[in-house]
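**Q** here is a sequence with its predicted model. Questions after.
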Amino acid sequence: MRTRIQELRKAKRISQEELAFAVGVTRQTITSLECEKYTASLVLAYKIARYFGLTIEEVFDFSDVEEL
Amino acid sequence: MEAYRKKLKIRFIVYVILSVIMGILTAFIFTIITDNSLICGYRSGFCFSVTIMCIINSINIKQALSSEEKLKKKYIFETDERTIMIKQKASSFLSSFSYMFIAFAAIISSFFSETVFYTLVGVVLFIAITQIAIVVYCKIKY
């Protein structure tokens, strides 16, 4: 899933390590999210969005989610 | 974080008790049983390694409990959702294929030893029954 994590993180001038520590995951998880290899859980998505002061939809791109 | 701290304190006590018990057991095996067979070596090696593991874990927990930052780092290390997902995927992959490997090993062993054959068939049945029981439990729970 595409995210704006890297863009927001760079705008805020924080490292992956700092973001990871703030939201309670490892740095590798943030790397995987930024590389679109891993999709965050609802709780993690909420924590990341709240950290940047945005909504989940503003951080995560749901346009690729298939409608059944 | 307070709930996790309490959990770690309990885990620390359990590891200390376990390391004392296993230490005594290791000392007993090393001093009383002087048989030099492979099985005896396995027993003493197992007890010794469990003792060392318990000591290392208890030291690790004690260090984590000493500061808030270390505690949070340990919490993150243990509860990271991606790591949990990787472990779950790896174990589910292993359990799916372990049947086939053990069943195949049972067929091979049937040519050499009846005891080994029945043991491996027993292991396959045990794994299958345990997995079914866990699946049923999880379906009821979630």
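**A** In hand now; what should we look at?
**Q** so what pLDDT did the residue nearest in space to the middle of chain A get?
**A** The C-alpha lying nearest the average C-alpha coordinate of chain A belongs to A:I5 (CA atoms, centre = their mean; 4.6 Å). A:I5 is assigned a pLDDT of 94 by the prediction.
**Q** measure it to chain B for me?
**A** A:I5 sits 14 Å away from chain B, taking CB to the nearest CB, to the nearest Å as the criterion. In this view, the C-beta of every residue, glycine as well, is placed from N, C-alpha and C.
**Q** doesn't A:E34 make contact with that residue?
**A** Yes - using CB atoms under 8 Å, A:I5 is in contact with A:E34, at 5.3 Å.
**Q** quick one, what contacts the residue nearest to the centre of chain A?
**A** By CB atoms under 8 Å, 6 or more residues apart in numbering or on different chains, the residues touching A:I5 are A:L19, A:I30, A:L33, A:E34, A:I48, A:V59.
**Q** cool, B:R43 as well?
**A** Counting by CB under 8 Å, 6+ apart, B:R43 makes contact with B:I29, B:I33.
**Q** kindly recompute the last result at 10 Å.
**A** Contact analysis of B:R43 by CB atoms under 10 Å, 6 or more residues apart in numbering or on different chains lists B:L25, B:T26, B:I29, B:I33, B:D35, B:S37.
**Q** what about the fourth one, how many residues close to it?
**A** Neighbour count for B:I33, taken as other CB atoms under 10 Å in any protein chain shown: 12.
**Q** relative to chain A, how far out is it?
**A** Distance from B:I33 to chain A, counting by CB to the nearest CB: 44 Å.
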